[in-house]
Structure formats: C-alpha cells, structure tokens
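*Asks:* Here you go, sequence then predicted model.
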Number of protein chains: 2
Amino acid sequence: MLTHTEENYLKVIYHLSQTEDEGISTNAIAQKIDTKASSVTDMIKKLKEKKLITHERYQGVFITTLGLQTAKMIIRKHRLWEVFLVNKLNFNWDEVHDVAEELEHIKSEKLINALDAFLGFPKEDPHGDPIPNSKGEIPYREKELLTETKINHKYMCVGVKDTSAAFLQYLDRQKIALGSTFTVLKHENFDHSVTILFQENELTLSKVVAHNLFVKKI
Amino acid sequence: MLTHTEENYLKVIYHLSQTEDEGISTNAIAQKIDTKASSVTDMIKKLKEKKLITHERYQGVFITTLGLQTAKMIIRKHRLWEVFLVNKLNFNWDEVHDVAEELEHIKSEKLINALDAFLGFPKEDPHGDPIPNSKGEIPYREKELLTETKINHKYMCVGVKDTSAAFLQYLDRQKIALGSTFTVLKHENFDHSVTILFQENELTLSKVVAHNLFVKKI
DNA sequence: ATTAAATTTTAGACAAATCTAAAAATATTT
DNA sequence: AAATATTTTTAGATTTGTCTAAAATTTAAT
Ligand SMILES: [Mn+2]
Ligand SMILES: [Mn+2]
Ligand SMILES: [Mn+2]
Ligand SMILES: [Mn+2]
C-alpha cells in the first residue's frame, strides 16, 4: 500500500519518463514535486524498496513495469475524477486539478470502476488527456501542436499541454475550448506566432499559446 | 487545516458527545479509534491547541462550538458521499462506509456543495442518518427504536443504529430496507424479541436487531 | 480510611516525510 | 589534466502520529 506522497512521486517519475529515455534526475523530480533533492533521494530509496523504480547511485531513476502500471492507475483515477467534476458537478476545466490531486488517492477498485461506468467510459479528461482503462491501456489519439500545423488546413482543438489555470482561463477568454475548429492562416517566422480563422475572426496566438495547444486535422 | 487523523478523532469525540454530558474519557476515544490511551492523550493536546475541544487533566474532553461545527462538516461530507455511492454508483448500503471514511477528508467547499446539489440536497444518508446542511443545521426526523414500539400499530423503517456490514447484510437477507413498512404484532417479555407482520409473513426479530432498527409510526 | 484497581498522563522511542548543511561523485570549463 | 561548478548523497535535526513502560491520579472495594 502506497502513501499519498509515494503516489505523487511515482506519478511525477512516470510523467518525466514519457519524454526521457535516460534515467530521471533527482533534481528534475525535486523541481516537479517542489521539494529538496535530499528529500527526493530519501523517497527514491522507498520506491526502489517497493520495486516501483530502479536506481543506482548518481545514475538517475528508471520506472519498472510495476511502477508503470501503478502510475497509470493513479492517472486513471485523477482523470476520471476530473471528468466527474466537469461533466457532473459543473466545474470549469481550470478548477479541477487540485481537487483531483486529492481524489486520485482514494483507494477503492470498485469505486473507480463504478465511476468509470457512471461517466460512460470516457476516453479523455477535460484537458484532452487520455484516460487509461481498467487494464492500464491508454487510448491513442492523433494530435499535434498548433505550432506544427500547415496553413490553409482546418483543425480541431483536442487538448492542452499546459493545464495551468492561467492558460485555461486565457483560452476561455479567447472562447477556445476542446472541440473548437478553425483554419490556420499564417505562421509568423519572426516570433513563431500563429494566426487562425476562428468563428469568422482572425486571431493571432503567440508561440507560447500555440505550443501548448494540441490540435487534429479535420 | 486539520489532518485526516485530527478529523477522525474529532468526529469520534463528536459522536461520543451525543450520548454523554460528562467529559469524554480518553479510553472511550481510544477504543473507538482503535489506538492506545497514550496516543489519545497526545492528540487531545493538539485538538485543544486548535480550540476544537477543552480539556483538564484527568477530567475528560468537551467539544467546543468550533469543534462541533467542524465535526458536522466532516459528517456532512461523509454522508453525502455515501448517498453518491449508493444512488449514483449503485453501491449497496453495506459497502459505502470505508470509502466514505476516506472521501470525507477531501478539502473543497465547492466540491461538497456541488455534490449536495447534484444529489438533490438529500436529507438523509443510506442508513437513515441526517445530513447536516451547508450551515451545519441537522434536519430532525422523528424516529424510535423498534424495541419501543406499540403493538398493532404500523411502522416504517427509517434508519439503522448499527451500521456494520454484518447487520446491514442481515437486514438484506430479511428483505428489510429503509422505507419498508410493517405492523408490530408482539413484544416477547422473556427475550425482548419483536414479532412483526411484514410482507404478509410473521417475522420475529431478536432484541439485538430490534434495538438497532429505527422506525416511525405511520 | 486504606488498599486495590482502573484510568490517564508522562517519558522515551520509532517510522515517515521533510529540512539544512556538508561531503561525495559527476560534469563542465579552462 | 586540473580546476571549477553542478548534482547527488549522507548526516543529523524536526514534526506528526504512533507505540511501550512507568508514573500519577482518580475510582472502586474492602
Ligand atoms: Mn496527488
Ligand atoms: Mn487533466
Ligand atoms: Mn475518516
Ligand atoms: Mn452512514
């Protein structure tokens, strides 16, 4: 049985492993968890003891198959609870993260599977992130960043890379939501901003924004 | 901000206070929490420090107004989550307690009020226990134990005093649920069992059972 | 009113999760 | 290759919640 803290560390290690084939560094983990490297070293020993990760001194951390499976179950819970909050309790997509961060630690297989069924087995959370099924399988969905799109093609917004409240609220103000469709008009070479035709208006999105919006050609 | 443990202690103290006007003894708390008296003494100091209880050495514990209000909010959460599990996720009434024991510690005012609304502002949980509203007001409902009923009157089952899975499963086997109606036929003087006419059959319930069933005259 | 029994508190220890400061190992510059 | 900088680990301390064993206090019994 894992503590909340162990689960939070494992989730961070899982996410860092997604974009890194070398060992995950102590510092990288410390930065994500917002703690000290020495605390991470302590926790690494515990997770290693529980066979969730492997680790050699100074060599970085690798997640094991068990760790991977465990992490995916925590992420499954996090994302299902987010769907519940948005679809059933009318939370906005910028309000769900902190609560889901707590709810993801509730330990009941029956609960999470019943919740999954109650929500109609959703494939994605309110930020467009895929929800692992009860076996830990993650549904794949084609998507690319807005920065990588081709001009004069039509796209649909299918996810956000940055899930911070600040970014989500910015999108709300631009009326951009998951499912929004638009045509890419121009990629500005100078500042890498992207101009789109959205709801009959031209809208220019900065590189920061474009680089955090997942879209799909339609 | 209270820890899960502090909240669990406070809830136990609240419940013990309901049937006791003297101070709550260290041992009584220890027994409910399933811990040692010395641990309780330690926790008493913390709860006193936070003004949730008052305490003089060897004199037992009294809950304060702040402690009372805080306890009621935890109980509100516990019971609302139980309603959610039974009404929305199809849990049986004997399966909800342990999960609710975890869910009650999730800290979000918005969440619990949204859940309350989503459930249609229920007045009682799946065991017939009243749900405090957002102000901490507890709806009153007339009820008495089956042992205190009068013969030849009709009653409706409105609650259980013992909420253990074992008792709830016993009631399931007898087909007795909240809302069930019956006529009291006889109080047996010798063993204090109660015979009722329920669904056209005579059913004799032992003292233990009758003393844990709340009913209301109809 | 003593004595005996039960309850409650204190003292000291331990595991979990954190921190600071210092040491050890690795990586980067010159 | 040596010197310097960075990263990582260790050592030792702190807080929370728990425990055992012993002391203090209250309650019950003789
Ligand atoms: Mn979390
Ligand atoms: Mn999400
Ligand atoms: Mn609890
Ligand atoms: Mn209940």
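*Replies:* In hand now; what should we look at? Ligands and ions are numbered 1, 2, ... in the order given.
*Asks:* contacts, neighbours, all on C-alpha from now
*Replies:* OK.
*Asks:* Kindly report the residues of chain A close to DNA strand C.
*Replies:* Contact residues, chain A versus DNA strand C (CA under 7 Å from any atom of the strand): A:3-6, A:34-36, A:38-39, A:42-43, A:46, A:58.
*Asks:* if you set the cut-off to 10 Å instead, what comes out?
*Replies:* A:2-9, A:30, A:33-47, A:56-60 (CA under 10 Å from any atom of the strand).
*Asks:* now those residues: which count as buried?
*Replies:* Applying a neighbour-count criterion of 16 or more other CA atoms under 10 Å in any protein chain shown, the buried members of the residues of chain A next to DNA strand C are A:7-9, A:30, A:33, A:37, A:40-41, A:43-44, A:47, A:60.
*Asks:* how about a markdown table for those residues, with secondary structure, distance to A:Thr181 and pLDDT added?
*Replies:* As requested, those are exported to a markdown table (DSSP: H, G, I helix; E, B strand; the rest coil; distance: CA to CA, whole Å; pLDDT from 0 to 100):
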| residue | secondary structure | distance to A:Thr181 | pLDDT |
| --- | --- | --- | --- |
| A:Glu7 | helix | 37 | 97 |
| A:Asn8 | helix | 35 | 97 |
| A:Tyr9 | helix | 37 | 97 |
| A:Ala30 | helix | 38 | 97 |
| A:Ile33 | helix | 35 | 96 |
| A:Ala37 | helix | 44 | 96 |
| A:Val40 | helix | 43 | 97 |
| A:Thr41 | helix | 46 | 96 |
| A:Met43 | helix | 44 | 97 |
| A:Ile44 | helix | 44 | 97 |
| A:Leu47 | helix | 44 | 96 |
| A:Gly60 | coil | 42 | 95 |
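*Asks:* need the strands for chain A, in chain order.
*Replies:* Remark: strands assigned in chain A by DSSP state E are A:53-55, A:61-63, A:144-145, A:154-160, A:181-187, A:194-198, A:201-205, A:213-217.
*Asks:* Domain-wise, how is chain A divided?
*Replies:* A:4-63, A:144-217 (automatic domain parsing).
*Asks:* follow-up on the earlier one: among the buried ones among the residues of chain A next to DNA strand C, which one sits closest to B:Phe91?
*Replies:* Lowest distance from B:Phe91 to those (CA to CA) belongs to A:Glu7, with 26.2 Å.
*Asks:* Report the contact partners of the closest one.
*Replies:* A:71, A:74, A:105 (CA atoms under 8 Å, 6 or more residues apart in numbering or on different chains).
*Asks:* Can you tell me which residues in chain A are near chain B?
*Replies:* By CA under 8 Å from any CA of the partner chain, the part of chain A that sits against chain B consists of A:88-90, A:99, A:102-103, A:106-108, A:111, A:114-115, A:118.
*Asks:* with these in mind, which one is nearest to DNA strand D?
*Replies:* Of all those, DNA strand D sits closest to A:Glu102, with 16.3 Å by CA to the nearest atom of the strand.
*Asks:* quick one on the thing from earlier: just the buried residues from the residues of chain A next to chain B, in ChimeraX please.
*Replies:* Of the residues of chain A next to chain B, the buried ones can be selected in ChimeraX as follows, counting by 16+ other CA under 10 Å:
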select /A:89,99,102,103,106,107,111,114,115
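*Asks:* Could you dump the residues of chain A next to chain B into CSV with distance to B:Gly23 and pLDDT added?
*Replies:* Converted to CSV, the residues of chain A next to chain B look like this (distance: CA to CA, whole Å; pLDDT from 0 to 100):
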residue, distance to B:Gly23, pLDDT
A:Lys88, 43, 98
A:Leu89, 41, 98
A:Asn90, 44, 98
A:Val99, 37, 97
A:Glu102, 35, 97
A:Leu103, 35, 97
A:Ile106, 34, 97
A:Lys107, 35, 95
A:Ser108, 37, 96
A:Leu111, 38, 98
A:Ala114, 42, 98
A:Leu115, 42, 98
A:Phe118, 45, 98
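*Asks:* Out of the residues of chain A next to chain B, which is nearest to DNA strand C?
*Replies:* A:Glu102 (13.8 Å).
*Asks:* Report the spatially nearest residue to the closest one, omitting neighbours in sequence.
*Replies:* The spatially closest residue to A:Glu102, leaving aside those adjacent along the chain, is B:Ile106, at 6.5 Å (CA to CA, 6 or more residues apart in numbering or on different chains).
*Asks:* May I have the residues that are in contact with that neighbour?
*Replies:* By CA under 8 Å, 6+ apart, B:Ile106 lies in contact with A:99, A:102-103.
*Asks:* hmm, 10 Å instead?
*Replies:* A:99-103, A:106, B:4, B:74, B:77-78, B:112 (CA atoms under 10 Å, 6 or more residues apart in numbering or on different chains).
*Asks:* Would you reformat the strands of chain A as TSV and include mean pLDDT, distance to A:Gln174 and mean neighbour count?
*Replies:* Converted to TSV, those look like this (pLDDT from 0 to 100; distance: least, CA to CA, whole Å; neighbours: other CA atoms under 10 Å in any protein chain shown):
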stretch	mean pLDDT	distance to A:Gln174	mean neighbour count
strand A:53-55	97	42	19
strand A:61-63	97	39	22
strand A:144-145	97	18	18
strand A:154-160	98	13	22
strand A:181-187	97	13	21
strand A:194-198	97	10	20
strand A:201-205	96	9	15
strand A:213-217	97	13	21
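*Asks:* Nearest residue to the one residue sitting closest to the centre of chain A in space, please, no chain neighbours.
*Replies:* Against the mean C-alpha coordinate of chain A, by CA atoms, centre = their mean, the closest residue is A:Asp129 at 5.5 Å. Nearest residue to A:Asp129, sequence neighbours excluded (CA to CA, 6+ apart): A:Gly159, at 6.7 Å.
*Asks:* Identify the bridge partners of the one you found.
*Replies:* A:Phe214 (DSSP bridges).
*Asks:* what's it in contact with, if anything?
*Replies:* A:124-130, A:143-145, A:177-179, A:212-216.
*Asks:* Tabulate the strands of chain A in a markdown table, adding columns for distance to B:Tyr170.
*Replies:* Listed next are the strands of chain A as a markdown table, based on distance: least, CA to CA, whole Å:
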| stretch | distance to B:Tyr170 |
| --- | --- |
| strand A:53-55 | 46 |
| strand A:61-63 | 46 |
| strand A:144-145 | 57 |
| strand A:154-160 | 50 |
| strand A:181-187 | 57 |
| strand A:194-198 | 62 |
| strand A:201-205 | 64 |
| strand A:213-217 | 54 |
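*Asks:* Out of these, flag the one nearest A:Tyr14.
*Replies:* Nearest of the strands of chain A (CA to CA): strand A:61-63, 6.9 Å.
*Asks:* Which other helices and strands does the closest one contact?
*Replies:* Helices and strands touching strand A:61-63, by 3 or more CA pairs under 10 Å, 6 or more residues apart in numbering or on different chains; DSSP states H and E, are helix A:4-18, helix A:37-49, strand A:53-55, helix A:65-83.
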